[in-house]
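Chemist: what follows is a predicted protein model with its sequence.
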Amino acid sequence: MLTVDRHGLPSALAERLTDEARAAFAESPREARFKFLAQALNLNEAGLLAELAKLTGFEVLDEPAIDLEGLKILPARIASEAQVVPVTMPGGEEGRLRLVTSLPPDADTADWVATFTPRRPKWYLAPPERVSQLINENYGVGSGSLDDEGEDLPELQAAGADVEADQDAAVVRFVTEVLSQAVAEGATDVHFEPQEGALRIRYRVDGILLAVPLPDNLSRFQDAIISRLKIMARLNISERRLPQDGRINFRDGKNVLDIRVSTIPTIYAESVSLRLLNQRKEAYNMDRIGMNPDEQSAVRKVLDYPHGIILVTGPTGSGKSTTLNAFLQEINSPELRIVTIEDPIEYEVPGANQVQTKAEIGLTFANALRSTLRQDPDVIMVGEIRDLETAEISIRASLTGHLVFSTLHTNDAPGAITRLVDMGVEPFLVASAVELVIAQRLVRRVCSDCAKTVPVVRERLLPALEALGMGEKELAEVTTLREPVGCRKCRHTGYRGRVGVFEIFHPKPLHDLIVSRVSNRELTEKAISQGMRPLARAGWIKVVQGHTTIDELVRNLSSNE
């Protein structure tokens, strides 16, 4: 019989660990112990599962199916704390409660399971991420914190069950679990949305909103959850009639997040939106954002210029700041003095001087930029050109020997020119200062683990291509394309991650047209005739290369064509 200590560490494996590693294993959260043990033993996930199966005789299930009847037996608190979930097996022995876990159950876990059911348990092993996913999908994210029926495991009682039994502590823990799960899912935003008789929580992952499975009793804690978020953001919890903005510094393991908080009053209660910014997020380079070699070459020529303006345009959430930081990574060197003015600062640039704007004390983009010009910079990044004052100072900076990066909200690249003119900037200044404009979108990547290659069905593709302003010409030499399928790693969406699509516009050859204030349409048509690749055609190249799909391209671009 395999001996397991009170922290779930098999004695046969404990002998292979140092005293420090055993102590660290015991201090780790239950859901993190499998990963810690694998690293300590220098094994991958499959290797550790195989080792545990050999020691215990438990069968390993790669894709366990949930047992709906078992869910009614095992309380959410026990499932969450012990990382155990009931599963079903076809043709299995009658009367057994089949439970899956990532580490063998210790004596306390087995005793607690026996407390809630007379059915004799049969144990299985599964990857820890799959176990956690099953718990979240079927009990709800954070269900263990708000569970009314389940009691704390003995280990937790020793740590102070009298505190965790308090409703306030349960809400604190629930909010932390929701945020931690958002980080694990790679979410950029979390929305707490009060509905009639319910609180809905949604994550934005890869640009798509996903409903978060939640415990059934969540509505009872709605007011407490919203108050907790406002307390974390240092907002006035008694003010419920007016919108408020704040920020939260949140640490989840090695992840340090700067969370921007916005509240608005709705007919049911306050709706709270969180924007998650990972302060230690690795900056992207031009390869990683998805630029083709020819696109990189065009950009690098302009990055070598000593002065001028480079603009990146697109809607909110299209990756403009990420692209600008990729450009900074490209040119960053000890010989250059780089100053960035941002709201918020999303990436740390080694060696750069980064300024966070604070409009409430008068530190706006324009004021910060004006002061920055007295700091002898070589390169300036302005997070966004929002007004005429910022635009004029940026142009003046570019004309006096500085390379300036910034962003605008326009649908296409030539639209940046007309936008600046509409702001009130003289056209001849725009034509003289702007060296490059890049419009971009982020489209979801096809999941590399489950995508399949299929023959081209022209009848299905042609309407989509026509919606994007293309047609038969683009299909001429294409015989197969990649198609999403869906698997556990991509949450059965068929997509995982995102890749950029870019439209690169050089204004200088169209100097006279810009000065004469031609329409955006005329400017775009002339740019295309001189070789500019529109967003739709750039996206089609990504489809042909197997990075994304025509459906994803239509979803992002068809309304702009």
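Modeler: It's in. Numbering: from 1, shown residues only.

Chemist: tell me the mean pLDDT for the biggest helix by length in the chain?
Modeler: When the chain is scanned for its longest helix (criterion: DSSP state H), the result is helix 167-185. Helix 167-185 shows a mean pLDDT of 86.

Chemist: list the helices and strands that helix packs on?
Modeler: Packing partners of helix 167-185 (3 or more CB pairs under 8 Å, 6 or more residues apart in numbering; DSSP states H and E): helix 143-146, helix 161-164, strand 189-195, strand 198-205, helix 222-232, strand 244-252, strand 255-265, strand 270-278. Every C-beta, even on glycine, is put in place using the N, C-alpha and C of the backbone.

Chemist: tell me how many other residues surround P86.
Modeler: Close neighbours of P86, defined as other CB atoms under 10 Å, add up to 25.

Chemist: specify the beta-bridge partners of it.
Modeler: When bridges are called by DSSP bridges, P86 pairs up with L99.

Chemist: so it makes contact with I66?
Modeler: Yes - using CB atoms under 8 Å, P86 is in contact with I66, at 7.2 Å.

Chemist: give me the pLDDT for R241.
Modeler: 92.

Chemist: which residues touch it?
Modeler: Each residue near R241 by CB atoms under 8 Å, 6 or more residues apart in numbering is listed here: P265.

Chemist: wait, what's in contact with P315?
Modeler: Contacts of P315 by CB under 8 Å, 6+ apart are H409, N411, R441.

Chemist: list the buried residues for the longest helix of the chain?
Modeler: 170-172, 174-185 (16 or more other CB atoms under 10 Å).

Chemist: okay, now the unreliable bits of the stretch 101-250 of the chain?
Modeler: 144, 146-167 (pLDDT under 70).

Chemist: now for the helix or strand harbouring A298, which elements pack on it?
Modeler: In this assignment (DSSP states H and E), A298 forms part of helix 293-303. Here helix 293-303 touches helix 286-289, strand 308-313, helix 320-331, strand 434-446, strand 495-505, going by 3+ CB pairs under 8 Å, 6+ apart.

Chemist: and F116, which of these is closest to it?
Modeler: Checking the helices and strands packed on helix 293-303 against F116 by CB to CB gives strand 495-505 as the closest, at 37.0 Å.

Chemist: next, the angle from the closest one to strand 198-205.
Modeler: Calculated by axes from the mean of the first three to the mean of the last three CA atoms, to 10 degrees, strand 495-505 forms an angle of 60 degrees with strand 198-205.

Chemist: most tightly packed of the helices and strands packed on helix 167-185?
Modeler: helix 143-146 (a mean of 24; mean count of other CB atoms under 10 Å).

Chemist: separation between T407 and L324?
Modeler: 7 Å (CB to CB, to the nearest Å).

Chemist: now for S297, how many residues are close by?
Modeler: 10.

Chemist: over to the one 3 residues further on?
Modeler: Burial of R300, expressed as a neighbour count using other CB under 10 Å, amounts to 13.

Chemist: dump the residue contacts of the residue lying closest to it once chain neighbours are set aside.
Modeler: Spatially, and ignoring its direct neighbours in sequence, R300 is nearest to E330 (7.1 Å; CB to CB, 6 or more residues apart in numbering). Contact partners of E330, counting by CB under 8 Å, 6+ apart, are N285, M286, R300, L303.

Chemist: and the longest helix of the chain, how far out from the chain's middle?
Modeler: 17 Å (CA atoms, centre = their mean, to the nearest Å).

Chemist: redo the helices and strands packed on helix 293-303 as TSV? Include distance to F58 and mean pLDDT.
Modeler: As requested, the helices and strands packed on helix 293-303 are exported to TSV (distance: least, CB to CB, whole Å; pLDDT from 0 to 100):
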stretch	distance to F58	mean pLDDT
helix 286-289	40	90
strand 308-313	53	96
helix 320-331	44	93
strand 434-446	35	95
strand 495-505	30	94
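
Chemist: among these, which comes closest to K54?
Modeler: Of the helices and strands packed on helix 293-303, nearest to K54 by CB to CB is strand 495-505, at 32.1 Å.

Chemist: name the helices or strands packed onto the helix or strand following the closest one?
Modeler: Later in the chain than strand 495-505, the nearest helix or strand by DSSP H and E is helix 511-515. In terms of contacts (3+ CB pairs under 8 Å, 6+ apart), helix 511-515 is packed against helix 427-433, helix 520-529.

Chemist: quick one: buried residues of the first one?
Modeler: Okay, so that is helix 427-433. For helix 427-433, by 16+ other CB under 10 Å, it's P427, L429, V430, A431, S432, A433.

Chemist: the fourth one contacts S516, doesn't it?
Modeler: The reference is to A431. No - with contact defined as CB under 8 Å, A431 does not count as touching S516 (9.9 Å).

Chemist: now the common contact residues for the two.
Modeler: By CB under 8 Å, 6+ apart, no residue touches both A431 and S516.

Chemist: residues touching R240, list them.
Modeler: Contacts of R240 (CB under 8 Å, 6+ apart): P265, A269, E270.

Chemist: quick one: least confident of the residues you listed?
Modeler: Of all of the contacts of R240, A269 carries the lowest confidence score, 91.

Chemist: so how far is V190 from it?
Modeler: A269 is 16 Å from V190, by CB to CB.

Chemist: cool, V175 as well?
Modeler: 10 Å.

Chemist: shared neighbours, those two?
Modeler: Counting by CB under 8 Å, 6+ apart, nothing touches both V175 and V190.

Chemist: next, show the common contact partners of T407 and L324.
Modeler: V312.

Chemist: which one (most neighbours) among the contacts of P315?
Modeler: Result: R441 is most packed of these (other CB under 10 Å), 26 neighbours.

Chemist: who does that residue bridge with?
Modeler: V501.

Chemist: sorry, back to before: in TSV, list the helices and strands packed on helix 167-185 along with distance to G317.
Modeler: Output for the helices and strands packed on helix 167-185, formatted as TSV (distance: least, CB to CB, whole Å):
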stretch	distance to G317
helix 143-146	30
helix 161-164	37
strand 189-195	8
strand 198-205	8
helix 222-232	21
strand 244-252	18
strand 255-265	13
strand 270-278	10
